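A.B. asks: show me the folded form of this:
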Amino acid sequence: MQEWFTPVKETWLYRVNPALKFALFFIMLLVVLFNQNVSFTFNQMILYGIILYGFSGYSLKRLLLFSLPIILSFFSSAITMILFGKGETVWWSWGLIKISEESVNYGLLIGYKTACFGFLGLAFILTSRPILFFYALMQQFRLPSKYAYSFIASIRMLPVIVDELHTRSNALKVRGVQFSKGAKGYFERLRMYTVPLFAQSIRRAQRVAVAMEAKRYQMGAKRTYFYPTTYSKMDIAFVVIMTISFVSAYLLA
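C.D. replies: Okay, the predicted model is just below:
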């Protein structure tokens, strides 16, 4: 699973402070959310597509696979609005379907916005390490450590939970357990998997709590960090490049 999220090469986006990257991407997505100009939204979609496909460091084949849900969401949201949206300048109608100039504009606008959110969100996920992201939030944006370490612990636990799920599945196969068909079989699987995994999660959480107490972890105390994060010249270049690109997309609209 991990090899799917291992880039072919690490581009300059990987060297940008992840907290700063998140803040700037979040502001840009807010502009997408409240913008109603179709041309500007289209230019933003092209810009974010260039960021994803040109600077994420992943192969085109893998990026297309990752982008499949985004592409499907783009077409489904746009076509639904185009076929069933309201408008006064009707181009063609048949039964419940009514295509108008306004519905086409709104459909394209929603589709472009969907693609913008997908492209930029995927670009952030693929070019940011989760652990460094939360460390940067603590150090640069002063996120309370109790929240950051909770997320970090959750991320660290995910591979363990997946391994336990496989172990449980193999154990049931060895014991020859067979499930019923239909809805009854679904609830049988839910019972056989959920209860043991939930019990293991409680035990694991207790062990983590004891380990943190043994290490004298305190919520409000001033802390040092194993992964120090700072701002660099690459962050300045990132802000300048994104600002120029964003303004250019606006002016071209």
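A.B. asks: the helix ranked longest in the chain: what's the following helix or strand?
C.D. replies: Longest helix in the chain by number of residues (criterion: DSSP state H): helix 183-214. Downstream of helix 183-214, the first helix or strand assigned by DSSP states H and E is helix 233-252.
A.B. asks: mind listing what's buried in that next one?
C.D. replies: Of all the residues in helix 233-252, those buried under the rule 16 or more other C-beta atoms under 10 Å are 235, 238-239, 242, 245-246, 249. Any C-beta I mention is one placed from the backbone N, CA and C, and that applies to glycine too.
A.B. asks: and these as a markdown table, adding pLDDT?
C.D. replies: Converted to a markdown table, the buried residues of helix 233-252 look like this (pLDDT from 0 to 100):
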| residue | pLDDT |
| --- | --- |
| Asp235 | 92 |
| Phe238 | 93 |
| Val239 | 94 |
| Met242 | 92 |
| Ser245 | 92 |
| Phe246 | 91 |
| Ala249 | 91 |
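A.B. asks: show me which of those is closest to Ala211.
C.D. replies: Relative to Ala211, the closest of the buried residues of helix 233-252 is Asp235; by C-beta to C-beta it sits at 34.4 Å.
A.B. asks: one step back: pLDDT averaged over the longest helix of the chain, what's the number?
C.D. replies: The pLDDT scores in helix 183-214 average 80.
A.B. asks: buried residues in that helix?
C.D. replies: Buried positions in helix 183-214, judged by neighbour count with 16+ other C-beta under 10 Å: Met192.
A.B. asks: same thing with stretch 36-55?
C.D. replies: For stretch 36-55, the neighbour count (16+ other C-beta under 10 Å) marks 38, 40-49, 51-52 as buried.
A.B. asks: ok, stretch 126-138 next?
C.D. replies: Across stretch 126-138, burial judged by 16+ other C-beta under 10 Å covers 126-128, 131, 133-138.
A.B. asks: quick revisit: closest one to Arg142 out of the buried residues of helix 233-252, please.
C.D. replies: Asp235 (17.4 Å).
A.B. asks: please report how far the closest one lies from Pro130.
C.D. replies: As judged by C-beta to C-beta, to the nearest Å, Asp235 and Pro130 stand 19 Å apart.
A.B. asks: please apply the same query to Leu20.
C.D. replies: 16 Å.
A.B. asks: and what of Glu213?
C.D. replies: Distance, Glu213 to Pro130, by C-beta to C-beta: 25 Å.
A.B. asks: point out where the chain drops to low pLDDT.
C.D. replies: The model of the chain has pLDDT under 70 over residues 1-3, 87, 92, 215-221.
A.B. asks: let's see it at 50
C.D. replies: Applying pLDDT under 50 to the chain flags no residue at all.
A.B. asks: what about the helices in it?
C.D. replies: Applying DSSP H to the chain gives helices spanning 18-34, 38-55, 60-84, 101-126, 130-140, 145-174, 183-214, 233-252.
A.B. asks: so which of these gets nearest Thr224?
C.D. replies: With C-beta to C-beta, the closest approach to Thr224 among the helices of the chain belongs to helix 130-140: 10.3 Å.
A.B. asks: export the closest one as CSV, just CAs?
C.D. replies: Once non-C-alpha atoms are left out, helix 130-140 reads as follows in CSV (Å, rounded to 0.1, in the frame of the first residue of the first chain):
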residue,chain,number,x,y,z
PRO,A,130,1.4,13.8,7.5
ILE,A,131,3.7,13.7,10.5
LEU,A,132,5.7,16.8,9.4
PHE,A,133,2.4,18.5,8.6
PHE,A,134,1.3,18.2,12.2
TYR,A,135,4.7,19.1,13.6
ALA,A,136,4.6,22.2,11.4
LEU,A,137,1.2,23.1,12.7
MET,A,138,2.5,22.9,16.3
GLN,A,139,5.6,24.9,15.7
GLN,A,140,4.5,27.5,13.1
